[in-house]
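Undergrad: Take a look and give me a structure for this.
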Amino acid sequence: MTVHFPELARLLKNDQHKVRRVVWEFYRSAIKDLHRLEQAAAANEWPTVRALAWRIQVSCLQVGEHEAAEAAAGLSRAAGECFADAFRQWRPRIVQTLDRAEEFVGRGIAERKSPPDSVGVGSVRH
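TA: Predicted coordinates for the structure are as follows:
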C-alpha cells in the first residue's frame with residue numbers, strides 16, 4: 001500500500017482513518033479558502049488575499065505538503081499588478097495537492113462504501 005501524505009501519516013502513526021479524516025478537513029477548508037482568495041483578488045482586497053494565502057500555507061504545512069505551502073507563501077507576497085502572474089505560477093501546485101487530497105479521501109470512501117463520519121467529497125474547480 002502506498003502511503004499518502006507520508007509526513008502526516010508518520011505523525012498519526014499510520015492510522016489511515018485518522019489520516020483520511022485530517023486530509024478531508026484540510027481539503028474542505030483549503031478549497032474554500034482558495035475560492036475566497038480568488039474572489040478577494042478579483043475585488044482587489046489584498047489584505048484578505050494575504051490572510052487567506054497564509055491560512056492555505058498553514059493548512060498545507062499541517063498535512064506535510066511543503067511545495068503547496070511554498071506556493072501559498074508566494075501568493076501571500078504578491079499583490080496588485082503582480083498577483084495575476086504569481087497566481088498563474090503558484091495556483092497549480094496548490095490545486096495539485098487538493099486534487100491528491102480529494103482522490104485520497106474519495107478512494108477511502110469507495111473502499112468503505114460510506115463517507116468518513118458521514119462527510120461527502122466535493123470536487124476541485126479548475
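
Undergrad: quick one: pLDDT of residue 69?
TA: Looking at residue 69, its pLDDT reads 97.

Undergrad: Likewise for residue 123?
TA: Reported pLDDT for residue 123: 45.

Undergrad: same question, residue 120
TA: pLDDT, read off for residue 120, is 44.

Undergrad: pLDDT of stretch 90-103, averaged?
TA: Here the average pLDDT along stretch 90-103 is 96.

Undergrad: Contacts for it next, please.
TA: Identification of contacts with stretch 90-103 by Cβ atoms under 8 Å, 6 or more residues apart in numbering yields 4-5, 23-24, 26-27, 30-31, 34, 56, 60, 63, 65, 67-68, 70-72, 74-75, 121-124, 126. In short, each C-beta sits where N, CA and C put it, glycine included.

Undergrad: I'd like the list of those residues that fall within helices, please.
TA: The helices in this structure, assigned by DSSP state H, contain 23-24, 26-27, 30-31, 34, 56, 60, 67-68, 70-72, 74-75 from the contacts of stretch 90-103.

Undergrad: The residue nearest to residue 83 when sequence neighbours are not counted: what's it in contact with?
TA: In this structure, residue 83 finds its nearest non-sequential neighbour in residue 41, 5.6 Å apart by Cβ to Cβ, 6 or more residues apart in numbering. Neighbouring residues of residue 41 by Cβ under 8 Å, 6+ apart: 49, 83, 87.

Undergrad: Let's see the PyMOL selection covering just the buried ones among those residues.
TA: Applying 16 or more other Cβ atoms under 10 Å to the contacts of residue 41, the buried members can be selected in PyMOL as follows:
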select buried, resi 49+83+87
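
Undergrad: Tell me the one of the contacts of residue 41 nearest residue 9?
TA: residue 87 (30.5 Å; Cβ to Cβ).

Undergrad: what comes up buried for the helix or strand hosting residue 96?
TA: Assigned by DSSP states H and E, residue 96 belongs to helix 83-112. Neighbour-count burial for helix 83-112 flags 83, 86-87, 90-91, 93-95, 97-98, 100-102, 104-106, 108-109 (criterion: 16+ other Cβ under 10 Å).

Undergrad: can you check stretch 22-31 too?
TA: 22, 23, 24, 25, 26, 27, 30, 31.
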